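Undergrad: turn this into a structure:
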Amino acid sequence: LQGRFFPDTPGIGLGAFDPDQQLGACVTVHLGKGVSRQRVTLTGYVRPDWRRQGLGDYLMRWGQAQAQALFTEVPVDQRVLRVATESITEPAHRLYLAHGYAPVSEDWMMRRDLQQPLPDHPLPAGVTLATWGPETAGQFFQAYQAAFRDQRGFPNPSAAEWIDGVNSNNLVTEWTL
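TA: Presented below is the predicted three-dimensional model:
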């Protein structure tokens with residue numbers, strides 16, 4: 001959550017908590033780093049049981065207003081305001097479209113019920129499984145580059161940047177193959 005919602009760049013956030021101090025909804029607005037044009041990113045979340053009450057719309061409007069304050073002396077035609085999400089739902093997609101956003105990069109996510117047993121299928125010849133570690137991090141980076149470098153908007157990080165990012169993302173090495 002820290003890296004996704006509160007990166008080490010100037011920004012602001014707003015959150016709502018239930019009486020037990022559990023996060024129910026939030027939005028953060030922050031400057032991008034290392035980009036040629038001024039870019040502000042909105043990242044938001046509404047807990048499933050708090051949805052369909054107008055919170056997402058409110059947070060979107062609040063975030064867009066805050067974003068304007070973060071743009072500093074940049075001509076309007078060079079400003080980039082983007083919404084970052086890792087798992088989009090149909091209602092979220094409708095919300096983004098209603099606020100004038102259009103998808104520019106999309107990934108398909110596959111899910112599997114982990115309560116069900118895994119099917120008994122051997123790995124293809126030449127495929128091995130390895131866990132994340134200092135000795136394998138470079139190979140993970142190579143696989144990442146090969147899998148995603150052709151996607152539009154690929155950030156093309158250096159190996160050191162990418163590995164540092166993975167290591168700082170609450171990595172559980174034994175779950176990372």
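Undergrad: this protein: helices as residue ranges?
TA: Secondary structure of the chain (DSSP state H): helices located at 2-5, 55-70, 90-98, 137-148, 159-167.
Undergrad: what mean pLDDT would you report for the shortest one?
TA: Which is helix 2-5. Mean per-residue pLDDT for helix 2-5: 64.
Undergrad: ditto for stretch 110-128
TA: So the average pLDDT for stretch 110-128 ends up being 84.
Undergrad: end-to-end on that stretch?
TA: One end of stretch 110-128 to the other measures 21 Å (CA to CA, to the nearest Å).
Undergrad: equivalent analysis for stretch 132-143, please.
TA: 12 Å.
Undergrad: tell me the confidence at Lys33?
TA: 67.
Undergrad: one more: Phe17?
TA: 90.
Undergrad: hmm, it is touching Trp50, no?
TA: No: with contact defined as CB atoms under 8 Å, Phe17 does not count as touching Trp50 (10.7 Å). Glycine gets a C-beta too; all of them are placed from N, C-alpha and C.
Undergrad: more neighbours: these two, which one.
TA: Using other CB atoms under 10 Å as the criterion, Phe17 and Trp50 rank with Trp50 on top: 15 against 11.
Undergrad: what's the separation between Asp49 and Thr173?
TA: Separation of Asp49 from Thr173 (CB to CB, to the nearest Å): 33 Å.
Undergrad: try Val127
TA: 20 Å.
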